[in-house]
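A.B. asks: Turn this into a model:
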Amino acid sequence: MAQADADSFELQAGGGLVPKKTILQAIINPPSFCAHIDGADQDRLDRQASAGRKHSAGSSNGMIRRQQSPRSMHSAGGHSILNAETQSFLATDHPDLHDKITRGTFGAYAVQAFFLTLMVFAYVAPPIVINWAKTVGYNAESEKPVKVSTFLEATVIIFAKGGVAMIGLSYAVFKDYKEKSGYKYVSMLLSWQSIKPWLLIGGGYAMADVAEIMANGRVDAATYTILSQSRLVGTAVAMRLILGTQRPAFQWSILFNLSIILLGWQMTPNVFGVAQATKASAGETLGYFSVVVKVILSITCGVVAQRQFTAGGDMPFIIMQGTSCLVGWIFCMMFTPILVYVLLPAVGDPWVDQNGVALGFFDGMPVPYGEGLANAGDATGWSSKTAIVLFCYIYREIFTTYCLMRFNALVKTMCSAIAVVFTYAIAVYVLHDMAPNVVKFIFAGVICLETVHYGLAGAPPKA
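C.D. replies: Down below sits the predicted model:
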């Protein structure tokens, strides 16, 4: 296919026309940096791709394959989790690989199932692993987990963002060496022109990640995952107000129902018939506040980044990811002293031990007394558990965001929905954060289904 043909068609998103070059850039960048491509957009993209190739004559199998739209190709031989643009790229540049993935054989489905499992794991792992890393024992009477901040939450994000930035810088050096281009790619990552557009966005995402770690451990993993689904509602409202994105009435109805269900989950006690204290502890209050901060920052940064990204750009995925994480690393380094010396003392949870002695950068809260634990009073800090938390964030930052852009919109929504049920089951039966509750399990199932329904509803067709 000629280059002119490749750049000819456009995708209408958020009421504007976006050149294909921008769409291709969206495919290789994190989901927070790109416009949302839903089912209706995929249909439109398929039709335009097919129409743009009709004039390309050819009798060989390769040419016939190129004239078909991605959806028609994979629907003929099987089903694919890839989005339309990724399938178009594979069918054009790597037809054999495209056929192997989408032909509908057991091997093809096994490969897709493997990547879906990794995606669900990416949604489930952070809250579960954080709660596990903060558990120092189980109460002798209630057998409930006893959790403390075994590490300073901001330190994990500092090393995660810094690690990804170093990976991006290493890739840029490799590209410059391979192409003999001087400092072209290194300048892409480190130049002020590249960093400036993402200052607030990258910083906001870093603060959101810190808030996420602070929330988990103070709020159980299941409750955090359930409440974080409110991002669907908030993102839809923010995109309507900021970007003017239109959604069908059916999607708004689903979002309204989802809001009611989230309230129902939160108001349902973990154990019926047991009176619960109405006053939350300082740790719980900080946990719920952190959930709110995480959701608000994720929504705001996502919508603002979407508008910024549609301006275009030709930076490779890893280098742009490195630039974003470099900004996040800088913000975390500046935010950590504020967190330790201002915010934590202000909410009654200062970073000191039981004797009032200040804790260090790699220290954690000591094991509390009064819980019947044999290790009460022992010091905590960075350990192998913390390293696993760090790995989860680096994994999610690089691999998962790349795969998210390769999958179609419905698959992403379904992975997020399935994670709700898995997280609740693990929180109950593995972490023992709460007693089994049939009503809450039903709530989790309904939230999962409503999230899938939201994805299935799609966007309204354009007249």
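
A.B. asks: Could you give me the buried positions within stretch 168-180?
C.D. replies: Within stretch 168-180, the residues scored as buried using 16 or more other C-beta atoms under 10 Å are 168-169, 171-172, 175-176. For the C-beta atoms, the positions are set from N, CA and C on the backbone; glycine is no exception.

A.B. asks: tell me which of these is nearest to residue 396?
C.D. replies: Among the buried residues of stretch 168-180, residue 168 lies closest to residue 396 (C-beta to C-beta), at 15.6 Å.

A.B. asks: need the contact list for the closest one.
C.D. replies: Contact analysis of residue 168 by C-beta atoms under 8 Å, 6 or more residues apart in numbering lists 189, 318-323, 325-326.

A.B. asks: hmm, back to that, now the buried residues of stretch 168-180 in a markdown table, with distance to residue 286, secondary structure and pLDDT?
C.D. replies: As requested, the buried residues of stretch 168-180 are exported to a markdown table (distance: C-beta to C-beta, whole Å; DSSP: H, G, I helix; E, B strand; the rest coil; pLDDT from 0 to 100):
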| residue | distance to residue 286 | secondary structure | pLDDT |
| --- | --- | --- | --- |
| 168 | 33 | helix | 93 |
| 169 | 35 | helix | 94 |
| 171 | 38 | helix | 94 |
| 172 | 39 | helix | 94 |
| 175 | 43 | helix | 92 |
| 176 | 45 | helix | 93 |
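
A.B. asks: now, which of the contacts of residue 168 lie within helices?
C.D. replies: Counting by DSSP state H, the part of the contacts of residue 168 found in helices is 189, 318-323, 325-326.

A.B. asks: Between which two of the residues you listed is the distance greatest?
C.D. replies: Pairwise over the ones in helices among the contacts of residue 168, using C-beta to C-beta, the maximum falls at 318 and 326, 12.3 Å.

A.B. asks: could you pull out the strands for this structure?
C.D. replies: Using DSSP state E, the strands of the chain run over residues 10-13, 16-19, 135-138, 145-147, 363-364, 380-381.

A.B. asks: Flag the shaky bits of the stretch 1-150 of the chain, pLDDT-wise.
C.D. replies: Within the stretch 1-150 of the chain, the stretches with pLDDT under 70 are 1-80, 104.

A.B. asks: Compute the number of surrounding residues for the nearest residue to residue 147 once chain neighbours are set aside.
C.D. replies: Leaving aside its sequence neighbours, residue 147 sits nearest to residue 134 (C-beta to C-beta, 6 or more residues apart in numbering; 4.4 Å). Neighbour count for residue 134, taken as other C-beta atoms under 10 Å: 25.

A.B. asks: what's near enough to touch the nearest residue to residue 440 once chain neighbours are set aside?
C.D. replies: Using C-beta to C-beta, 6+ apart and skipping the chain neighbours, the partner closest in space to residue 440 is residue 268 (5.8 Å). By C-beta under 8 Å, 6+ apart, residue 268 lies in contact with 437, 439-440, 443.

A.B. asks: Could you rerun that using 10 Å?
C.D. replies: If a contact means C-beta atoms under 10 Å, 6 or more residues apart in numbering, then residue 268 has 437, 439-440, 442-443 as its contacts.

A.B. asks: again with residue 451
C.D. replies: 229, 232, 254, 258, 413-420.

A.B. asks: And these, which is the shakiest by pLDDT?
C.D. replies: Within the contacts of residue 451, residue 413 has the lowest pLDDT, namely 70.

A.B. asks: Would you confirm that it contacts residue 449?
C.D. replies: No - taking C-beta atoms under 10 Å as the definition, residue 413 is not a contact partner of residue 449, at 11.4 Å.

A.B. asks: Show me which of those two is the more surrounded one.
C.D. replies: Comparing residue 413 with residue 449 by other C-beta under 10 Å, the one with more neighbours is residue 413, at 19 against 15.

A.B. asks: okay, now the residue lying closest to the more buried one once chain neighbours are set aside: neighbour count?
C.D. replies: Spatial nearest neighbour of residue 413, excluding adjacent residues (C-beta to C-beta, 6+ apart): residue 455 at 3.3 Å. Number of residues near residue 455 (other C-beta under 10 Å) recorded here: 21.

A.B. asks: And for residue 346?
C.D. replies: Around residue 346 sit 10 other residues, with neighbours defined as other C-beta under 10 Å.

A.B. asks: Can you name the residues that contact it?
C.D. replies: With C-beta under 10 Å, 6+ apart, residue 346 has these contacts: residue 286.

A.B. asks: can you pull the pLDDT of it?
C.D. replies: Taking residue 346 on its own, its pLDDT is 87.

A.B. asks: Likewise for residue 336?
C.D. replies: 93.

A.B. asks: now swap in residue 354 and tell me
C.D. replies: Residue 354 is given a pLDDT of 85.

A.B. asks: Report the separation between it and residue 217.
C.D. replies: 18 Å (C-beta to C-beta, to the nearest Å).

A.B. asks: which one of the two has more residues nearby?
C.D. replies: residue 217 (25 against 12).
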